[in-house]
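K.L.:
when you get a sec, could you give me coordinates for this:
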Amino acid sequence: MADERSTTTRSTIGPVFLVPTAHGWNLLRPGEANGAYDVRQLASLEAAVPLLRPNDELILSLPVSAVLAQRFRLPTVDPAEFGEMVRLQIEKALPFSLDELTTDFEVIEQNETESVVSAVAVRNDQLAELAAPLLESGNIPQQVTVYAAHRATTHAPEGRALLIYPEGESLVSAVTENGRVSLTRTFDGIEPEHLQAELPQLTLSAELQGIDASFRNVLLDETCYELRDTIEGILTKRPELVGIEAPPAGVKMNLLPASWRDRRTQLVRREHWKTRLKWAGLGYGALVALAILYWGYLHVDLVRLNKLIARDEPQVKFVRDAEANWKALAPAIDSRYYPVEILLHLSESLPSDQVHITAFNQSARQMSIDGEADNAQLAYQFIDKAKKNGGLQIFNFTMADPRLLPNGHAQFRIEGRPR
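P.N.:
Residues are numbered from 1 along each chain as shown. I've put the predicted structure just below:
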């Protein structure tokens, strides 16, 4: 089981860092309490995977042994061309093609004619092997840096500094200028005699690259306290002890390979779509729930209405039966249905004495009038006046086309039904 311990320091909310240590990695995460920062010591990157979250702004800080650092002195040119010039210098200085590397650079100092640049490169295959647990779990960092650069920016953002600290069972050193890494070295051991043999070589290498070895700051990790006197004896400068940076200061350098960046973009988009689909599903579920509730409300209301109808059905039946009886009795008790009254109103509706009623029949359900007019036009005028007669409004009148006789007269038949 991975060795895991945690401490808490004060900080502000920020990204999540994975930084190398002497025996594994530190996971630095903003704490839930205001200003708290949680530091977990892990034996490997595999142990970090369960502790990472999909929305973490993960920064992976590489050990010195995984990168190649180079210091260049170049002429100051158009900023649009400067990056390409640095890449060409890296290709000349390193025994690898640019396709095999991911590189980035930071300007240490610059004037109108000359620029001093710190360039850092990492082999893509080596980086993929180191970060395999993160890649396999889909935890793609948003930035890949070098831990030495974070430590330098935190403790020595100005001037020259020498950092000495343990990484992966070894002791490493990094020469920095204005917070940028200029030169790195991994020592063969952590015993004082190794430092006595290798620190002078480090300062000589720095001088050969044009770096003044009279460091303003010598920073020693607090876990290597016993080496403090040895380093002071070699460099004639008392080292300053530094602990875990929580969090480390941010750096602009980013060694994230393009393929990782593309994959991270795809994963972010996929998470966005998952979130959208989740909310869409919740919305659809809410609509279905509302529809079910509405259906239930309609069902309850329908049951209520059916009960009311069943309760009122006897009264409705009584009204309907009474209406039917009154309609049946209407011809007998309503004077408007009396044959004399009907004939009177029909006589009032005759357009002229050229229209004659020849037959009148009436029953409980209908009546019929046969007649003859001197022409068809008079027959049509007769039915129009009958329909408009106030005393005959209880009937609906219909008439077929009149039949013309040889003498030019027109026979007609009008039928009337009670409304």
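K.L.:
and the helices in this protein, which stretches?
P.N.:
For the chain, applying DSSP state H gives helices covering 79-93, 124-130, 132-136, 147-155, 192-208, 228-235, 258-333, 339-349, 376-388.
K.L.:
tell me which of these sits most buried.
P.N.:
Burial of these is given as mean neighbour count (mean count of other Cβ atoms under 10 Å); helix 147-155 ranks first at a mean of 25. Quick note: C-beta positions are derived from backbone N, CA and C, even for glycine.
K.L.:
could you measure from the residue nearest to the spatial centre of the chain over to residue 256?
P.N.:
Nearest residue to the geometric centre of the chain (Cα atoms, centre = their mean): residue 272, 3.9 Å. Shown here: residue 272 relative to residue 256, a distance of 20 Å by Cβ to Cβ, to the nearest Å.
K.L.:
so what's residue 345 closest to, chain neighbours aside?
P.N.:
Among residues not flanking residue 345 along the chain, residue 391 sits closest, at 3.9 Å (Cβ to Cβ, 6 or more residues apart in numbering).
K.L.:
isn't the one you found up against residue 344?
P.N.:
Yes. With contacts counted by Cβ atoms under 8 Å, residue 391 reaches residue 344, the gap being 7.5 Å.
K.L.:
show me what contacts residue 72?
P.N.:
Contact partners of residue 72, counting by Cβ atoms under 8 Å, 6 or more residues apart in numbering, are 86, 89, 93, 116-117, 119.
K.L.:
so it bridges to which residues?
P.N.:
Beta-bridge pairing of residue 72 under DSSP bridges involves residue 117.
K.L.:
what does residue 167 give?
P.N.:
Bridge pairing for residue 167 - DSSP bridges - gives residue 170.
K.L.:
surely it meets residue 64?
P.N.:
Yes. Residue 167 lies in contact with residue 64 (Cβ under 8 Å); the separation is 6.1 Å.
K.L.:
distance-wise, check residue 108 relative to residue 233.
P.N.:
For residue 108, the distance to residue 233 - Cβ to Cβ - is 29 Å.
K.L.:
hang on, the earlier thing: quick check: neighbours shared by residue 167 and residue 64?
P.N.:
When Cβ under 8 Å, 6+ apart defines a contact, the residues bordering residue 167 and residue 64 alike are residue 147.
K.L.:
so what pLDDT did residue 378 get?
P.N.:
On pLDDT, residue 378 comes in at 91.
K.L.:
next: residue 148.
P.N.:
pLDDT recorded at residue 148 is 92.
K.L.:
which residues does the closest residue to it other than its chain neighbours form beta bridges with?
P.N.:
In space, and not counting its chain neighbours, residue 148 is closest to residue 174: 3.8 Å by Cβ to Cβ, 6+ apart. Applying DSSP bridges to residue 174 gives these bridge partners: residue 163, residue 184.
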